[in-house]
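Student: output the structure for:
(one chain, ligands or ions: 1)
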Amino acid sequence: MTYTLVLLRHGESEWNAKNLFTGWVDVDLTEKGRVEAVRGGEQLREAGLLPDVVHTSLQRRAITTAHLALDAADRHWIPVRRSWRLNERHYGALQGKDKKQTLEQYGEEQFMTWRRSFDVPPPPLDDDDQWSQAGDPRYADLGDEMPRTECLKDVIGRMLPYWESAVVPDLEADRTVLVAAHGNSLRAIVKHLDGISDEDIAGLNIPTGMPLVYRLDGALQPTVVGGEYLDPDAAAEAAAAVANQGR
Ligand SMILES: O=C(O)[C@@H](CO)OP(=O)(O)O
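Tutor: Got it, this is the predicted structure:
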């Protein structure tokens with residue numbers, strides 16, 4: 001038995017284009033991001049990878065990407081589930097800050113610790129900050145679970161209950177599952193699937209709008225470690241660009 005999982009990071013967002021830390025700020029796709037999402041869906045269709053169900057975050061850039069990609073694959077009609085547990089990593093007090101300016105102000109080591117360390121979150125974001133999500137009705141039910149900042153370890157901790165209770169049952173029902181989410185929530189899933197160490201995950205970057213396909217065995221172990229991008233050369237180039245943001 002082999003299960004099929006497709007991971008898709010949203011297309012380029014307005015704040016990706018402006019090089020701003022985004023996190024839970026609900027920015028839209030750019031025109032380029034919309035084209036990437038459509039292209040991602042076309043790649044799925046061309047590869048005969050037709051999702052039976054889609055899981056997204058509660059954020060516009062992932063929701064719109066899923067819709068555009070599925071529309072292009074003629075799978076716009078499949079069931080959808082959304083959860084805050086697939087949201088981007090909450091970037092704390094860095095939300096809304098320019099990545100290049102942050103690098104210049106705090107230096108390489110602190111910048112990379114905040115961006116890619118496993119367990120060091122940025123300082124928390126005040127509830128009255130203009131980029132806070134406190135009071136956003138879509139998160140009204142979160143109570144004490146509402147983050148004010150997160151590191152990747154925190155993202156894994158809040159993502160896994162959803163993975164186990166919602167995504168795994170779909171895989172085990174032999175559905176082709178599309179997860180349309182974010183750079184860091186997808187890094188959390190990849191770390192979990194591939195068993196990547198806390199140190200090595202720092203070097204993993206996920207490009208926008210490029211389907212990453214995992215075939216999983218009956219024990220939900222990847223048959224190919226790291227999965228397979230449908231366009232590996234373009235994905236490698238785009239992942240390197242993500243790694244270099246701020247420079
Ligand atoms: O700003 C963010 O929310 C993320 C994804 O765009 O950025 P980074 O790749 O720096 O974690």
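Student: rest of the way, CA atoms for contacts and neighbours
Tutor: Fine.
Student: closest to the centroid, which residue in the chain?
Tutor: The residue lying closest to the centre of the chain (CA atoms, centre = their mean) is H182, at 1.7 Å.
Student: wait, doesn't that one sit right on T65?
Tutor: No: using CA atoms under 8 Å, H182 is not in contact with T65, being 10.6 Å away.
Student: okay, and the common contacts of those two?
Tutor: In terms of CA atoms under 8 Å, 6 or more residues apart in numbering, H182 and T65 are both contacted by the residues H10.
Student: am I right that W163 sits in a strand?
Tutor: No: according to DSSP: H, G, I helix; E, B strand; the rest coil, W163 belongs to no strand; its state is helix.
Student: how close does it sit to D127?
Tutor: Using CA to CA, to the nearest Å, W163 is found at 28 Å from D127.
Student: tell me who's in contact with N16.
Tutor: N16 neighbours (CA under 8 Å, 6+ apart): T22.
Student: on the three-state scheme, it is what?
Tutor: helix.
Student: do you know how far it is from P207?
Tutor: 11 Å.
Student: just to revisit the earlier point, more neighbours, W163 and D127?
Tutor: W163 (17 against 12; other CA atoms under 10 Å).
Student: and that one, what pLDDT?
Tutor: As summarised for this prediction, W163 has a pLDDT of 98.
Student: can you check M1 too?
Tutor: The predicted local confidence for M1 is 85.
Student: swap in A166?
Tutor: What the model reports for A166 is a pLDDT of 98.
Student: now D127
Tutor: Predicted confidence (pLDDT) for D127: 97.
Student: now do it against L86, distance only.
Tutor: Using CA to CA, D127 is found at 21 Å from L86.
Student: how about I78?
Tutor: Computed as CA to CA, the I78 to L86 distance reads 19 Å.
Student: count the residues that sit near L193.
Tutor: Neighbours of L193 (other CA under 10 Å): 17.
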